[in-house]
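Participant: need a 3D model of the following:
(one chain, ligands or ions: 1)
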Amino acid sequence: MKQIQKRLQQFKEVDFLNHQELYEQLSNKQEPHTLFIGCSDSRVNAELLFQALPGEIFQLRNIANIVPHVTNSDRQSSTLSVIEYAVSVLEVDTIIVCGHSNCGGCRALLGDAPKQPVPHTLHWLDQMTSLSQDVQARYNPDETDESINTVLEKLNVLEQIKNLMSHEFIQQAVKERSFSVIASYYDIGSGHVYTNTKSNDELLELIP
Ligand SMILES: [Zn+2]
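Facilitator: Predicted structure coming up:
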């Protein structure tokens, strides 16, 4: 990163001083209200999109904002531990799963993978292979104005919510306390963030 010292100095002299009281409160504990599950893409910035301050959003970021299904738990403890900690320990009351436009992970699943060797990335994306195949089999450009990439990016968000709901600790949280799961999709070029804030039951009905 260019001018890293200058940026750090600016953080200390401007942002930190503007929120000094908040940082003092945060020095001993965190009480985030939301778990954000988004792509690692550098253009997706949870604090910016949801206008949040430090301490508000716990985050899980990975290629294509994937939540491993319960049947795939064994090899995904790093990812699932973030969700488990947010829900069971920090007791967040909201989970936002956020997809985005021009997602490289979704593009790779549609046959446009990077030319460089990326075995770990392709192994990770394997979790979405059946969704991708389903979208490719069903996609009909005469029935929608959206590209196949956009359709996959949006359906992927719903798929990940379905995967989220496959975990018992999530089902328990939904049953036992006030808890919302929100599907969202960020269109980078327009700055628009689509959200589905229906109840969990209604949201599940949208999932094929
Ligand atoms: Zn992405």
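Participant: okay, domains of this structure per the record?
Facilitator: With automatic domain parsing as the criterion, the domains of the chain are listed as 1-29, 31-205.
Participant: anything in the longest helix anywhere in the chain near the ion?
Facilitator: If you go by DSSP state H, the chain has its longest helix at helix 148-165. No - judged by CB under 5 Å from the ion, helix 148-165 stays clear of the ion, getting no closer than 7.9 Å. Bear in mind the C-beta positions are built from the backbone N, C-alpha and C, glycine included.
Participant: other SSEs contacting that helix?
Facilitator: Packing partners of helix 148-165 (3 or more CB pairs under 8 Å, 6 or more residues apart in numbering; DSSP states H and E): strand 94-100, helix 104-109, helix 129-138, helix 168-176, strand 180-187, helix 200-205.
Participant: give me whichever of those is most buried.
Facilitator: Highest mean neighbour count of the helices and strands packed on helix 148-165: strand 94-100, a mean of 24 (counted as mean count of other CB atoms under 10 Å).
Participant: from the chain's centre, how far out does it sit?
Facilitator: On the basis of CA atoms, centre = their mean, to the nearest Å, strand 94-100 sits 4 Å off its chain's mean C-alpha point.
Participant: what does stretch 7-22 give?
Facilitator: 27 Å.
Participant: can you give me the end-to-end span of that stretch?
Facilitator: With CA to CA, to the nearest Å as the measure, stretch 7-22 spans 20 Å from end to end.
Participant: where does the chain have low pLDDT?
Facilitator: The model of the chain has pLDDT under 70 over residues 197-208.
Participant: now render the helices and strands packed on helix 148-165 as JSON lines, adding distance to E13.
Facilitator: What follows is the helices and strands packed on helix 148-165, written out as JSON lines (distance: least, CB to CB, whole Å):
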{"stretch": "strand 94-100", "distance to E13": "32"}
{"stretch": "helix 104-109", "distance to E13": "36"}
{"stretch": "helix 129-138", "distance to E13": "47"}
{"stretch": "helix 168-176", "distance to E13": "41"}
{"stretch": "strand 180-187", "distance to E13": "31"}
{"stretch": "helix 200-205", "distance to E13": "44"}
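Participant: format the ones you listed as JSON lines; extra columns: distance to the ion.
Facilitator: Formatted as JSON lines, the helices and strands packed on helix 148-165 follow (distance: least, CB to the ion, whole Å):
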{"stretch": "strand 94-100", "distance to the ion": "6"}
{"stretch": "helix 104-109", "distance to the ion": "5"}
{"stretch": "helix 129-138", "distance to the ion": "14"}
{"stretch": "helix 168-176", "distance to the ion": "23"}
{"stretch": "strand 180-187", "distance to the ion": "10"}
{"stretch": "helix 200-205", "distance to the ion": "21"}
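Participant: so for G55, what's the nearest residue that isn't a sequence neighbour?
Facilitator: Spatial nearest neighbour of G55, chain neighbours left out: L26 (4.7 Å); criterion: CB to CB, 6 or more residues apart in numbering.
Participant: state the number of residues packed around that neighbour.
Facilitator: 14 (other CB atoms under 10 Å).
Participant: distance of it from the ion?
Facilitator: Applying CB to the ion, to the nearest Å, the value for L26 to the ion is 29 Å.
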